[in-house]
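Student: What follows is a predicted protein model with its sequence.
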Amino acid sequence: MTYRDVASKQVLVWACTAVAARMPVAMTPLALVFLVRERPGGYTLGATLAAVYVLGEIIGAPVLGMRLDPARGRRHLVVGLAGGTVGLTGLGIFAGSPAVVLGAFAFLAGAAPSAAAGGQRALLTSLVPERAVAQALSAESMLMAGVWAVSPVAVAGLALGVAPRVPLLLAAACMATSVAGHWLLPAGWAMDGEGGKAGRVKTRVLIQAWPVYVTGAASITLLGLAELTLPALLEQRGIGVGWSGPILAGMSVGAGLGAFLYGLRSWPGRLHTRSAVLIIGMAAFVALVALIPGAAGIAVVLFLAGMVEAGALITRNLSLRDALPPSALAAGYSVLYAAAGAGYAATGSLAGGLLQVVAPSTAVLAGVTLTLLLTVIGWWGEARRDGSRTAGDLEVGLAAGAEGAPIAGGCDPECRL
């Protein structure tokens with residue numbers, strides 16, 4: 001298992017296409033704030049438009065993700081990305097329109113391409129050997145860490161240095177490029193003859209993986225907590241809020257490094273236990289942010305939190321592969337994406353409410369407590385599911401042995417023992 005197993009021409013095309021599709025996702029919320037900040041009440045309107053955009057993602061990801069056809073997924077992804085391009089273009093061209101019009105474009109820009117991340121992840125794992133899936137997911141995390149590190153700088157520079165609408169028009173151009181890129185990739189990601197049954201019997205299957213969604217939301221909740229409370233926390237410590245940008249960029253760099261290190265080897269322990277340990281470690285680092293007085297210490301701790309966060313997110317994706325059949329993976333990734341968005345939105349509401357009544361450091365510790373609670377619930381659900389599955393496999397094996405059926409190696413390829 002090395003990164004050489006991931007290196008191929010198709011994976012390179014996928015990487016370029018994925019970056020073009022997801023750079024707009026990273027750019028748009030902040031770009032919306034810059035778009036309307038000079039209007040009366042501009043910052044409030046910008047935050048509202050960003051919330052509408054995220055709401056579109058949360059609603060669209062599970063609804064559209066469940067319609068993805070593993071055999072012909074490109075058609076769905078291209079249509080969704082084209083819709084997102086229209087929404088972003090509308091925001092850029094009609095920047096002076098009433099708030100309702102901008103809100104409609106923002107919702108379209110968020111909802112239409114919201115299943116792309118899940119479909120692209122399923123496509124990526126179909127392009128590499130099974131033994132290299134962890135490395136492929138690590139490579140994806142490294143790419144996305146780079147996207148999230150670059151996008152805020154690009155948005156601020158273009159909005160302030162050129163024009164407020166330029167970041168959104170650039171985002172639209174990137175997304176349009178991703179549409180073209182998909183025609184250079186396979187039409188779908190069906191395996192073993194699966195596909196053609198998108199949207200059927202998937203809801204019940206997806207619900208069975210609920211613990212993965214809970215822990216996925218927990219990890220993103222913690223990330224959102226660190227991002228959204230950092231400026232207030234720095235101000236509380238008497239540190240210039242301008243340091244929040246470099247510190248968060250360092251956190252993204254840490255996530256990229258963590259993803260690279262995660263893919264270098266296999267790691268011990270069951271996936272749900274490994275995930276819980278990583279999220280608890282990240283929670284400990286974020287809790288230290290509330291206690292450390294200096295900017296340098298906060299930067300170091302958040303860099304380490306980013307490293308651990310990358311491992312937690314990759315483990316969540318691997319857990320989802322373990323919990324769902326291949327035909328439901330794209331839909332599962334989309335639901336996980338929606339859960340992450342919901343967790344981030346909930347963190348924003350929680351942080352905003354708590355900062356009205358308590359100190360930023362207290363708000364951070366309250367958010368860490370919520371994350372730990374979600375982690376325990378998710379870990380319990382996965383452990384219970386794995387225990388039931390192991391018991392069922394054992395009963396099947398004993399029944400087959402009692403009937404005299406040969407059990408090669410004591411176990412069939414799907415055995416979880």
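Tutor: Yep, that arrived. This structure is a prediction, so every number in the text was calculated from the model and none was measured.

Student: What is the neighbour count of residue 170?
Tutor: Using other Cβ atoms under 10 Å, the number of residues around residue 170 comes to 20. Yep, even glycine has a C-beta here, placed from its N, CA and C like the rest.

Student: Show the backbone phi and psi for it.
Tutor: Main-chain torsions, residue 170, degrees, to the nearest 10: phi -70, psi -40.

Student: What sits closest to it if chain neighbours are left out?
Tutor: Setting aside the residues directly before and after it, residue 170 is nearest to residue 158 in space (Cβ to Cβ, 6 or more residues apart in numbering), at 6.7 Å.

Student: secondary structure class for residue 123?
Tutor: Assigned by DSSP: H, G, I helix; E, B strand; the rest coil, the conformation of residue 123 is helix.

Student: rewinding a little: and the gap between the residue nearest to residue 170 and residue 54?
Tutor: From residue 158 across to residue 54, the span is 21 Å (Cβ to Cβ, to the nearest Å).

Student: swap in residue 275?
Tutor: Residue 275 is 24 Å from residue 54, by Cβ to Cβ.

Student: Same drill for those two, tell me which one is more crowded.
Tutor: Per other Cβ under 10 Å, whichever of residue 275 and residue 54 has more neighbours is residue 275, with 29 against 22.

Student: The more buried one: what's it in contact with?
Tutor: 215, 312, 315, 316, 319, 378, 379 (Cβ atoms under 8 Å, 6 or more residues apart in numbering).

Student: Could you find the closest non-adjacent residue to the fifth one?
Tutor: Translated: residue 319. residue 271 (4.5 Å).

Student: I figured the one you found was touching residue 318, is that so?
Tutor: Yes. With contact defined as Cβ atoms under 8 Å, residue 271 and residue 318 form a contacting pair (5.7 Å).

Student: shaky segments in the stretch 101-250 of the chain?
Tutor: 190-202 (pLDDT under 70).

Student: need the helices for it, in chain order.
Tutor: 116-126, 133-161, 166-182, 202-207, 210-236, 244-262 (DSSP state H, counting those that start in this stretch).

Student: Taking helix 116-126 as reference, get the angle to the third one.
Tutor: Helix 166-182 and helix 116-126 meet at an angle of 40 degrees, taking axes from the mean of the first three to the mean of the last three Cα atoms, to 10 degrees as the criterion.

Student: Let me know the helix or strand that the most centrally placed residue in the chain is in.
Tutor: With the centre of the chain defined as its mean C-alpha position, the nearest residue by Cα atoms, centre = their mean is residue 337, 5.2 Å away. Per DSSP states H and E: residue 337 is located in helix 329-354.

Student: do residue 292 as well
Tutor: With DSSP H and E as the criterion, the answer for residue 292 is that it lies in no helix or strand.

Student: How about it: what's its closest non-neighbour residue?
Tutor: residue 298 is the one closest to residue 292 (Cβ to Cβ, 6+ apart), at 5.4 Å.

Student: Okay, buried residues for stretch 170-185 please.
Tutor: 170, 171, 172, 174, 175, 176, 177, 178, 179, 181, 182, 185 (16 or more other Cβ atoms under 10 Å).

Student: wait, which of those is closest to residue 223?
Tutor: Nearest to residue 223 among the buried residues of stretch 170-185, counting by Cβ to Cβ, is residue 171 at 21.6 Å.

Student: For residue 260, which non-adjacent residue is spatially closest?
Tutor: residue 142 (5.8 Å).

Student: separation between the one you found and residue 263?
Tutor: The value you get for residue 142 to residue 263, if Cβ to Cβ is used, is 8 Å.

Student: Tell me which of the two has more neighbours.
Tutor: Between residue 142 and residue 263, counted using other Cβ under 10 Å, the more crowded position is residue 263 (26 against 21).

Student: Please name the residues that touch the closest residue to that one other than its chain neighbours.
Tutor: Of all residues beyond its chain neighbours, the one nearest residue 263 is residue 138 (3.0 Å), with distances taken as Cβ to Cβ, 6+ apart. Residue 138 makes contact with 3, 259, 260, 262, 263, 310, 314, according to Cβ under 8 Å, 6+ apart.

Student: Isn't the second one up against residue 145?
Tutor: Yes. Judged on Cβ under 8 Å, residue 259 makes contact with residue 145 at a distance of 6.5 Å.

Student: Looking at the two, which one has more neighbours?
Tutor: A count of neighbours by other Cβ under 10 Å puts residue 259 above the other of residue 259 and residue 145, at 26 against 23.

Student: circling back to that earlier point, okay, the contacts of residue 275 in a markdown table with secondary structure, neighbour count and distance to residue 326 next?
Tutor: A markdown table is the format used below for the contacts of residue 275 (DSSP: H, G, I helix; E, B strand; the rest coil; neighbours: other Cβ atoms under 10 Å; distance: Cβ to Cβ, whole Å):
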| residue | secondary structure | neighbour count | distance to residue 326 |
| --- | --- | --- | --- |
| 215 | helix | 29 | 22 |
| 312 | helix | 27 | 23 |
| 315 | helix | 28 | 19 |
| 316 | helix | 28 | 17 |
| 319 | helix | 24 | 15 |
| 378 | helix | 26 | 23 |
| 379 | helix | 21 | 25 |
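
Student: Can you tell me which of these lies closest to residue 94?
Tutor: Using Cβ to Cβ, the contacts of residue 275 come closest to residue 94 at residue 316, 37.9 Å.
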